[in-house]
Structures are given as C-alpha cells and as structure tokens.
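no FASTA, just this:
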C-alpha cells in the first residue's frame, strides 16, 4: 500500500538521521536532517519526533552520531562519553522505556567489545542501531498481524494519540493492527481523540489514517464516553510507552479515562506495543515516572492565550491504566491476556 | 465579596442589554451593548453570552427588545411577531431548556393581556423579563447555600465548563455552591477541565475563580480520570442545561465522561441547576436534542489548523448523563436525591 513507502518517520541516510518534523504536521510534511547527537536530543525534547518506538530508534541513532564524533582512541574515554550521552537521552522523556531499552542494547555492545578499536566499536554501534530500526519494522508487521485477528470486518475502533507510522519505523503498533486488518480487506472505521494538549490524534493520527484512505472521525477527548454511549464502538485500541510486569500500562494522558469509559460500556480495551515497551523490572505501574510538561501547553497551546495569566496548571504527559482495565496486550510475539503475571513473561521470553 | 459586583454577565440598562463578551475572555473584559433582538440572537449564537440561565435571561430581554420595536397597534399582529421571534430564539441553542422556559413565561403574559394595548403589553413583558433576571439572582444564592451544605472544609472539587457568574445573572449554580462555601469560610480547591472545544473551563471558570481568589488548577479534559486516580478529589460539581423528569442531565460535552470516572472512583457527582432547567415534559434524557456544532471548532479552534483538511469530525456540544450516575441535584428549592422520579417533582412543585 502507498502509505508504506510514504511515511518515513525516521531513517538513517548517508551517516545522518532524517526525520519527519511532526510539529509541522498536519499542515506540512517537512523532513529534517540531524547530524549531531545534540540535534537528536533536541528533536526528541521538542517532539519533532515522538512515539515510544520511534524515540528509541532516534536515541540509538543519536548515540551513534555522538560516538562517531568521539575524539578519542582509548576505550575508557569512549566509554565515559557513552555514559554521559546515555544519561542525556534518558532524561529527555522519562516515561517511555524504549529509549532506555535501546541504549541498554548499545551499551551491551560497548561492554562486549572492550578489546576492539574505537573505530570498530563505532561500526558495531551503528550495526546495532540499524538492527533496532529493522527489528522495529518487523515488529510492527507482526503486531499488526496479531492485532488484526482481534478486529472484525465492519468494526469501529476508537484510538487515542498516535501509535501509528509516525510513532515507529514502520506502520505503527495500534494503527498497525488497523492497517493490517484493512489489508485483510476488513472494513474498519476509526474514531480518534484529538489528544490534548498537543493534539497528536488530530494532527498525526487523523493525518496518517486519512492518507491511508481509512475512514476516520475526529472528536475531542471529552466526547469519547458520549460516543461510546450513543454510537457503535467495538473496541478501544491504543499504544503504550511502558508496560509493567503486571500489565499496568503507561500511555499518553487520557488513555486511563478511555479505559474507564470502555469498562463502563463493556467495550474491549486493547493495547498494542512491542515487547521493547515492557519493563519487567517494575512489578506494577505505580513506579513508572510520569513526565510533567510545561503548563503553557495547556494555557497557550497554539500561539494564543486561552487561560488567564498566572493560572495554576497540572500537565502530566502520561497516565497509567491498571492492568484490570486491559482486555489484551498485542505484541510481536503474541497476545497476552489476564492474568498478565503469567502471560507477559511468556511473550517477553519468546522475543 | 468583590466578585459579586465585578462580574455582571448580563444587565438591562436604560432600555438596552449589556453583556460581557465571553469570546474575549480571559484576555479582555469587554462589554457589549445589544439594542435589537437580532443582535441578542447573534450574541447567543456566537456564544458571546452562554450558560443556560444566562441565555434564558438574554432571550427574555431580546424578546422585549424585539416587541418594543413592533410597529403595530393590533394584538393579532403583535402576537404573530412574538411567535416568530420566539421561534428564532428557540433555534439558537436547542439543548438548554431555559430559553424555552423563559419565553413560555413571556408568552403567558402576552396571552393574559389580550385586552391590553400593545404599549401595555410591552411594559408587562419588560417587567416579566426583569423578574426572570431577578429570580435568577435569588435562585443562584439559594442554590449556593444549598450546595455549600454538601461541600466540606478542605474539599477538592472538580468542575467542567462554566456554571458560574458568567453563566447566570449572579454568582452561578455549580460555582455558586463553591462561592457560598468559601463565604462560610470553608477552604475549597478546584480542578477545572479546560472543556474543549471552546475552552469555557480554561477561559471562563479559571478566570472567574482566580478573580475571586479561589485556588484553581486547570487541566485538560483528558486528565480528569488520572487526577481522580492519583490525587484527592472529593466531588464533581457541574451545572445542567436540561434535566429530564427522571434526573437524566444534559450538560456540556464531557460531563458524561466525568460522571463515568467519578463512579469508577467512588466520587460523588453533584449537579447544580435552577428548577428552570427541568423539563418535566421529558420522561428521560434520550429525547433531549443535542446541538451539533461546526467541526471547525475542533479542527481550527485556536485560529490555526490543527487537523488535516477535509477530515471528518463529530462535534456534539452536549451530552446526557443518565440519572444513575448523579448523586444529587442541587436546586434553589432543595436537594434532590434518588429516586429522582419522586424527589424532582417535589422540588419543582415548591418553586
């Protein structure tokens, strides 16, 4: 399908990182070249690239750029620089675990090549980063196929934020399931919440679904429960930024409210995410760090002041949906259902 | 308190209607003079004035302006003009019942004065409109006192949209309860949802609470459930645009989702409204007409396009919260609790 070649959220091209500047969507499709690690850091912080899998890849490529610029021949100095850059990337977006998981993989390669030359380690890091990128592409396809099994012909799916092509190196996680179902010739219609404050649903998901020719209706976040009460919604399907061992899900703020409404209306609540989004070091979601962002995203989100000067705000970027609200978690290795304490370790082991 | 004299949402001054232009808030406090009924119609349609009680009053004053301009001496022609203008006002905002209730009161005065001169009927209509205005002021105070009994010292109240001074001729319904509790020296803190798409919570409620010195924290609609899960919220308190005989509540879109979340978290869900918001001709809320507004409120709400061109939207301005979610309804005549089929008729009878 056309979209597969059209949306290239992140790529490694001729020793540089090329991303779509997502802050310019939906009005303009602009690519940005990043050729230093600070420029990648900045792109992540500014949300020019976002989505847990995509920023995992971006951090890996960013680390490659940073370490390629290392002016040292000794392993010790190289390693110290690696640690420093890693810390910087970990601080950008604390809630998602994909950055940490990606950089841990690179770190293992550094650790495993103590006797190699700096030049050789630089090559090894690039290979590993490209592997993370390629694996994400394969993972999206597998998640899509697994998730498509849950979606029936004629279904109406509600989604939130963007867990699509713009959040990954391929066609997405939650939206990947929809794309895969459509490839199987199932008719799927989608409601997407605009996803305040940064409108990833309105700006990104509506854009990529429209581009792919999939029927999408945009609503405000506050309308989701009413749509569930009065219109047909067959399932809610979202992505995840971090999943604890018990199945608690950190995802874009608003996800939890959707889950509560889905439960009230007896609507299945599905989460689609790569196993790279699992954090089995956390027993539950209560210890997932929740990024709080500047209140100006709420009070003057689009260049115009929409709240009184000096008003207090609370602007968490994510929330945690307890596992008890989650009907199933769709991964590249299969579909986990409750009890998640048993099903999740099986899915992670098989990756 | 200062706010009482400061916020004059609507007034009849020297044969004209003066309103605060709420589309200019929170950045500027601008008053607009309306001296013809079409200008009142337009102010209601454009949401320069909004809030069920306030637009009931505005419609009454608008009718007075329209009928004062009537160039006829015959009752029949006068009455036909009345009917035509009434239809125009009823079409502006179909969900709230206050416009209809206010104009029904004026209509009764027209009917009861068939033998009077046009000039006399014009005077009678003005008297009735001013009575509606004055009654709303008294009603707000009574609702406030009744509601304040439910609010305890130290409580955190979550509200949605604006049911305050800017929605009434006095200090509001839901916010009136908060103002009254604060007058009783109870410490009350408030979370207000921004209330997309038109941001009445961010623009209006945050503005008037801040002005009144009440601690208010602004959140996005999508954050409400997460705040309930992780922070203290002692009750949800909202207004209503129409209440059916069984206690089903039509109110600003997003109210229903809040009610669902409140139920999930065991948080009481209170509605404050004058008995003029009851529509006992409706057994349930399913037949309340839900106003749908233009999708551009969602796709370019901030003056900038935030969704792709041509995307389909669904933009209901209200939703209906079934009575089973409502802990109590606070009116000027008392507090109704389930079963509402019994308690509501008692409250309406005593008005």
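Nice, I can see it. In this text the structure is predicted, and so the values were computed from the model without any measurement. Numbers count the residues shown, from 1 in each chain, chains lettered A, B, ... in the order given.

who's in contact with stretch A:124-137?
A:10, A:12, A:53, A:56-57, A:60-61, A:63-64, A:67-68, A:102, A:105-106, A:109-110, A:113, A:116, A:168-170, A:274, A:276 (CB atoms under 8 Å, 6 or more residues apart in numbering or on different chains). Backbone N, C-alpha and C define where each C-beta goes, glycine included.

how about a cut-off of 6 Å?
Residues from elsewhere that reach stretch A:124-137 (CB atoms under 6 Å, 6 or more residues apart in numbering or on different chains): A:53, A:57, A:60-61, A:64, A:67, A:102, A:105-106, A:109, A:113, A:168-170.

These into a markdown table, with extra columns for neighbour count, distance to chain B and secondary structure?
Formatted as a markdown table, the contacts of stretch A:124-137 follow (neighbours: other CB atoms under 10 Å in any protein chain shown; distance: CB to the nearest CB, whole Å; DSSP: H, G, I helix; E, B strand; the rest coil):
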| residue | neighbour count | distance to chain B | secondary structure |
| --- | --- | --- | --- |
| A:53 | 34 | 22 | helix |
| A:57 | 30 | 25 | helix |
| A:60 | 29 | 30 | helix |
| A:61 | 27 | 28 | helix |
| A:64 | 24 | 33 | helix |
| A:67 | 22 | 38 | helix |
| A:102 | 27 | 27 | helix |
| A:105 | 18 | 31 | helix |
| A:106 | 24 | 33 | helix |
| A:109 | 16 | 38 | helix |
| A:113 | 17 | 43 | coil |
| A:168 | 31 | 20 | coil |
| A:169 | 25 | 22 | coil |
| A:170 | 25 | 21 | coil |
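
Columns pLDDT and distance to residue B:285 on top of those residues, output as TSV?
Shown next, in TSV, are those (pLDDT from 0 to 100; distance: CB to CB, whole Å):
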residue	pLDDT	distance to residue B:285
A:53	95	43
A:57	98	49
A:60	98	53
A:61	98	54
A:64	98	59
A:67	97	62
A:102	97	50
A:105	97	55
A:106	98	57
A:109	97	61
A:113	96	68
A:168	96	42
A:169	95	47
A:170	95	45
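
which other residues reach stretch A:328-344?
Against stretch A:328-344 from outside (CB under 6 Å, 6+ apart): A:139, A:142-143, A:146-147, A:246-247, A:270-272, A:274-275, A:323, A:347, A:350-351.

From these, keep the buried residues only.
The neighbour count (16 or more other CB atoms under 10 Å in any protein chain shown) marks A:139, A:142-143, A:146-147, A:246-247, A:270-272, A:274-275, A:323, A:347 as buried among these.

of the contacts of stretch A:328-344, closest to chain B?
residue A:323 (13.6 Å; CB to the nearest CB).

Check the secondary structure at the residue nearest to that closest one when sequence neighbours are not counted for me.
Of all residues not flanking residue A:323 in the chain, residue A:247 sits nearest, at 3.2 Å (CB to CB, 6 or more residues apart in numbering or on different chains). Here residue A:247 is recorded as coil under DSSP: H, G, I helix; E, B strand; the rest coil.

need the helices for the stretch 151-300 of chain A, in chain order.
For the stretch 151-300 of chain A, the helices defined by DSSP state H, counting those that start in this stretch cover A:174-183, A:200, A:206-211, A:224-230, A:255-264, A:296-299.

Mind listing residues that contact the last one?
It stands for helix A:296-299. Counting by CB under 6 Å, 6+ apart, A:197, A:307, A:313, A:315, B:220 sit against helix A:296-299.

which helix of chain A spans the most residues?
helix A:118-148 (DSSP state H).

Give me the buried positions along that helix.
Applying 16+ other CB under 10 Å to helix A:118-148 flags A:118, A:121-122, A:124-126, A:128-129, A:132-133, A:135-136, A:139-148 as buried.

now that helix, how far from the chain's geometric center?
15 Å (CA atoms, centre = their mean, to the nearest Å).

That helix to helix A:174-183, inter-axis angle?
Helix A:118-148 runs at 60 degrees relative to helix A:174-183, counting by axes from the mean of the first three to the mean of the last three CA atoms, to 10 degrees.

Residue A:234 contacts residue A:156, doesn't it?
Yes. Assessed by CB atoms under 6 Å, residue A:234 is found in contact with residue A:156 at 5.3 Å.

what sits against the residue of the stretch 51-200 of chain A found nearest chain B?
Closest approach between the stretch 51-200 of chain A and chain B, counting by CB to the nearest CB: residue A:196, at 4.1 Å. Applying CB under 6 Å, 6+ apart to residue A:196 gives the contacts A:221, B:220, B:222.

Mind checking the pLDDT average for the longest helix of chain A?
Per-region confidence: helix A:118-148 scores 97 on mean pLDDT.
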